[in-house]
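# the sequence isn't on hand, but the structure is:
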């Protein structure tokens, strides 16, 4: 029997890794889906469930750059599987121990830290398996969108039938896909160093450009505020302005991440063909127009259409921004991934209460005006960025000095 070619093995490895990304981010979505059950069945206050959200998101965002550093320094590619299992185990345990708020908080925090441990290692692996292209990164990224989208239905089905103790069944995606990925990639996962040899799209390693990376981080901060702000306020905006029911208002919220998945896939494909910065700028420009359309929308149907357009346009640059961060820090891929996917995205959550205060003091419509202005600033800042064509990674032996090789 003919053995698979290295290209075929990489392709299957990328698909398997994308599946684990769906499972991992499933647990991010599961936290939000579990909150109503904690309120209704465990009698938690709203302040208490807000604390659970903090345990899941804030700790994860802060921890991701730390795990990225560890990945750069020591390899530790197995963190993707360990993180996935921790993410699933924490959520599975949370409903079982619902009688103790402290125990639930710790369980959800463990899940959040598991999510944080997964992302840098898995993103580094996706970069290597996909040859550093934006298209392969968009495929890996959209796996996370799928996982978040599936979580509410799965949680309602399981907990609705078996009650909060039934949350133990939610560990099944982590176990099943973790086993599959280990079977496909066990040699890579447990190797002590990154394998030598350049992937198809790589060029020679370069030095880290922290100045460019900080500019990219500033651009991403405006993206984060628009993403979190829209997720938080778009349904409330339709209710406040057009007096529609919650069911009608939720249509826009449901379409937003679905359109984002389409934008992620399209943006990666377009970035490989027309250049990353062109797609980044196009995405931000279209996002400004979409936010303006939400502000000026004459009907709730127009809000739904504009929100779908916003989801697509906001996610067009997503994969390109990740690969740009890798090109700016070619010797710190884990740190770049941790900041880009974790710490930067948490900025939107920090600003969200301020946007809420603006909405309380005036109207939610003003919030969308502010977000449009911020994304316009991000569009302007994108012209400071340069498309640095390095595709390298850093190879490390444990405890030893970094050795630069071709990616």
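In hand now; what should we look at? Just so we're clear, the structure is a prediction, and the values are computed from it rather than from any experiment. Numbers count the residues shown, from 1 in each chain.

# residue 337 and residue 287: what is the separation?
In this structure, residue 337 and residue 287 are separated by 23 Å, where distance is defined by Cβ to Cβ, to the nearest Å. Where you see a C-beta, it was placed from the backbone N, CA and C, and this is true even at glycine.

# looking at those two, which one has more neighbours?
Relative neighbour count places residue 287 above the other of residue 337 and residue 287, with 31 against 28, counting by other Cβ atoms under 10 Å.

# check the gap between that one and residue 170 for me.
Look at residue 287 and residue 170: by Cβ to Cβ, they are 34 Å apart.

# buried set for the helix or strand that contains residue 143?
Taking DSSP states H and E as the definition, one finds residue 143 inside helix 134-162. Residues 134-151, 154-155, 158-159 are the ones in helix 134-162 that count as buried (16 or more other Cβ atoms under 10 Å).

# beyond it, next helix or strand please.
Heading C-terminal from helix 134-162, the first helix or strand you meet, by DSSP H and E, is helix 172-189.

# and residue 77, which of the three is it?
Local secondary structure at residue 77 is given as coil here, using DSSP: H, G, I helix; E, B strand; the rest coil.

# and the gap between it and residue 127?
According to Cβ to Cβ, residue 77 stands 12 Å off from residue 127.

# neighbour count winner among those two?
Applying other Cβ under 10 Å to residue 77 and residue 127 shows that residue 127 carries more neighbours, namely 26 against 22.

# test my guess that residue 80 contacts residue 121.
Yes - if you go by Cβ atoms under 8 Å, residue 80 and residue 121 touch, sitting 4.2 Å apart.

# before we move on, what SS does residue 387 have?
coil.

# residue 277 is in contact with that one, correct?
Yes - assessed by Cβ under 8 Å, residue 387 is found in contact with residue 277 at 4.9 Å.

# those two: who's more crowded?
Per other Cβ under 10 Å, whichever of residue 387 and residue 277 has more neighbours is residue 277, with 17 against 14.

# where does the stretch 101-250 of the chain have low pLDDT?
Counting by pLDDT under 70, the stretch 101-250 of the chain contains low-confidence residues at 187-205.

# shared neighbours, residue 387 and residue 277?
Shared contacts of residue 387 and residue 277 (Cβ atoms under 8 Å, 6 or more residues apart in numbering): residue 324.

# ok, then the element right after the host helix or strand of residue 17?
When secondary structure is defined by DSSP H and E, residue 17 falls within helix 6-41. Sequence-wise, the next helix or strand beyond helix 6-41 is helix 46-74, with elements assigned using DSSP H and E.
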